[in-house]
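K.L.:
need a structure here:
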Amino acid sequence: MRAAGFDIGTTTVCGILIDLESGRTVKTQTRKNDSWIKGEPYERLQDPARIWQLVQAIYQDFLAEGEIAAIGLTGQMHGMVYVDTDGNAVSPLYTWEDERGNRPVTDADKAKGTDSGRNTVDQAPEAAMSRDIAAAEAKTEKFNSQTYAQQLSALTGYPMATGFGLTTHYYNLKNNLIPEQAATFCTIHDYIAMKLTGRKKPLMTASDVASFGCFDVESMHFDAAALKRAGIDASVLPECTEDFALVGTTVDEIPVAAAVGDNQASVIGALRSMEKSLLINIGTSSQVSMCLSLPEAKMRKELQRKLQLAGIELRPVCGDLFLMVGAGLCGGRAYALLEQFFARTVELMTGKAPENQLYEQMNALLKNRGLEDGDLKINTRFCGTRMNPERRGGISGLGEENFTPEEFTFGVLHGMAEELDTFYQEMRKDGAGAPEYLIGSGNAIRSNPYLQKIFEKLFGMELQIPCHREEAAYGAAMAAMTAAGCVDSLEQAQRLIAYEQR
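P.N.:
The predicted model follows:
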């Protein structure tokens, strides 16, 4: 028997078939996501029908491999698609990269905000009229200069960003862009679950619902009262489940699980022990993740406030299990920037660009240098942070003795690790237990043995890397195995994970 997992990303659609007895990957298929739709410069749109075709093609290929016990789905969080009462898409997929939330509030909305501000002033006591007018006008001016994401944040009290499903919906609502047939909305992977099963209404796990924004960790659902303040009708919100659940079966009678957010799925698919592991993931960006159980609702809210101050997110996984995630915007990208700098230098000095990328030569520099700490420190926040996008990286401790390519190479790798360590130290301070295992995933970790050793030295643990590469699709399959009763628990499913011998 096998379980199938699908990961629907913005650039690829991946499917993985897992043997239920050994956990071995039976087959993997990855197809280019060629569903892009041309739109306005600020739009990032994809065609749900084309994505469904891509998933169907992989699914039919998997059926030929033998019996499938369960199907799991994951994909790009935050993005959303509108569906009608028959469960059909009536809009494009607005991906997580969509920039409409960063557009300034329209003139029409500005006028509404101004009228509201003036009405408030007119009701002020006469003795304080001039002071209140000045304060109200300043507040109104600030409100009207906001983006839609900022305005929604101010109205709801939740930190909202462009690309979040509810930010996209808020913009569409304010600009009369919601399709007439739209009954509700969901992620693209929730939509594919509907298409696989014929379900007419989406059932979303909390892991996906939270990615839309305005998610209350106490009630484990959208904060309907906060959304009402923004003029969003709660009747359009999709149904939410805290635990893994089935949405239905295919025509072939295969159980299909409610989709899981891709961040949570990648953690599930990488860790054999959720609450005893520290996960480092480095691709283009970087993340450090730790899990903990939070059965008391009030504790979740309190912890969330503390973590937000440090730029760390608290994300639901299933039941009482939550994920603390610290994300760097410039993870593996920082090392790529250094490689580009070296390549450009070669071209300028010799008149000829290198034929191949220079990572092999950079690794050779590290082999000769060693991994002992040096005085040169490089802050690799070159793309800012989630809390402060304007922040930039920096260099300190630079002297004659360390103004060398090898010191810069080591400094960048160490800076990447230190950024994640900063998040980790905050997680420990806010109640996370000491991990027993250090797990690594992502192309940058897999391809750079020196980065692996830097993390091992920094955290004082041996780094383990999963044998399978598609952690998110693997995790989605494990969630489906759990929901379908193929295993007694998620923990039992995760015992199938094997790590590389290094």
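K.L.:
show me where pLDDT drops low in the protein?
P.N.:
107-144, 386-387 (pLDDT under 70).
K.L.:
what's next to stretch 14-26, contact-wise?
P.N.:
Here stretch 14-26 makes contact (Cβ atoms under 8 Å, 6 or more residues apart in numbering) with 1-7, 27-31, 55, 58-59, 61-62, 65, 68-69, 468, 470, 472-474, 477, 481, 486, 495-498. Placement of C-beta: from N, CA and C, glycine included.
K.L.:
The nearest residue to Gln146 once chain neighbours are set aside: neighbouring residues, count only.
P.N.:
Counting by Cβ to Cβ, 6 or more residues apart in numbering, Gln146 lies nearest to Val105, which is 6.0 Å off, once chain neighbours are set aside. Neighbour count for Val105, taken as other Cβ atoms under 10 Å: 19.
K.L.:
Could you do Lys32 as well?
P.N.:
Counted by other Cβ under 10 Å, the residues lying close to Lys32 total 9.
K.L.:
Hmm, Thr11 and it touching each other?
P.N.:
Yes: taking Cβ atoms under 8 Å as the definition, Lys32 is a contact partner of Thr11 at 7.3 Å.
K.L.:
Quick check: buried residues in whichever strand or helix holds Val412?
P.N.:
Using DSSP states H and E, Val412 falls within helix 405-429. For helix 405-429, burial by neighbour count (16 or more other Cβ atoms under 10 Å) applies to 406-421, 423-424, 426-427.
K.L.:
what residues are up against Leu371?
P.N.:
Phe410, Tyr450, Lys453, Ile454, Lys457.
K.L.:
can you do 6 Å?
P.N.:
Neighbouring residues of Leu371 by Cβ atoms under 6 Å, 6 or more residues apart in numbering: Lys453.
K.L.:
can you check Val90 too?
P.N.:
When contacts are counted by Cβ under 6 Å, 6+ apart, Val90 touches Tyr82, Asp84, Pro179, Gln181, Ala182.
K.L.:
Can you tell me which of those residues lies closest to Glu302?
P.N.:
Tyr82 (35.3 Å; Cβ to Cβ).
K.L.:
that's a helix at the closest one, yeah?
P.N.:
No: looking at Tyr82 with DSSP: H, G, I helix; E, B strand; the rest coil, it is strand, so not inside a helix.
K.L.:
Burial check on it, number of neighbours?
P.N.:
Applying other Cβ under 10 Å, we find 26 residues neighbouring Tyr82.
K.L.:
where does it sit relative to Pro48, distance-wise?
P.N.:
Applying Cβ to Cβ, to the nearest Å, the value for Tyr82 to Pro48 is 10 Å.
K.L.:
quick one, what contacts the closest residue to Tyr158 other than its chain neighbours?
P.N.:
Spatially, and ignoring its direct neighbours in sequence, Tyr158 is nearest to Cys214 (4.8 Å; Cβ to Cβ, 6+ apart). Cys214 makes contact with Thr156, Tyr158, Leu166, Phe222, Asp223, Ala226, Leu227, according to Cβ under 6 Å, 6+ apart.
K.L.:
Would you list the buried entries among the contacts of stretch 14-26?
P.N.:
Here, 16+ other Cβ under 10 Å leaves 2-7, 28-30, 55, 58-59, 62, 68-69, 468, 470, 472-474, 477, 481, 486, 496-497 buried among the contacts of stretch 14-26.
K.L.:
when you check these against the helices, which ones overlap?
P.N.:
Val55, Ile58, Tyr59, Phe62, Ala472, Ala473, Tyr474, Ala477, Met481 (DSSP state H).
K.L.:
Out of these, which comes closest to Met299?
P.N.:
For these, the nearest to Met299 is Ala472 (28.3 Å; Cβ to Cβ).
K.L.:
That closest one touches Gln264, doesn't it?
P.N.:
No: Ala472 is beyond contact range of Gln264, at 8.9 Å (criterion: Cβ atoms under 6 Å).
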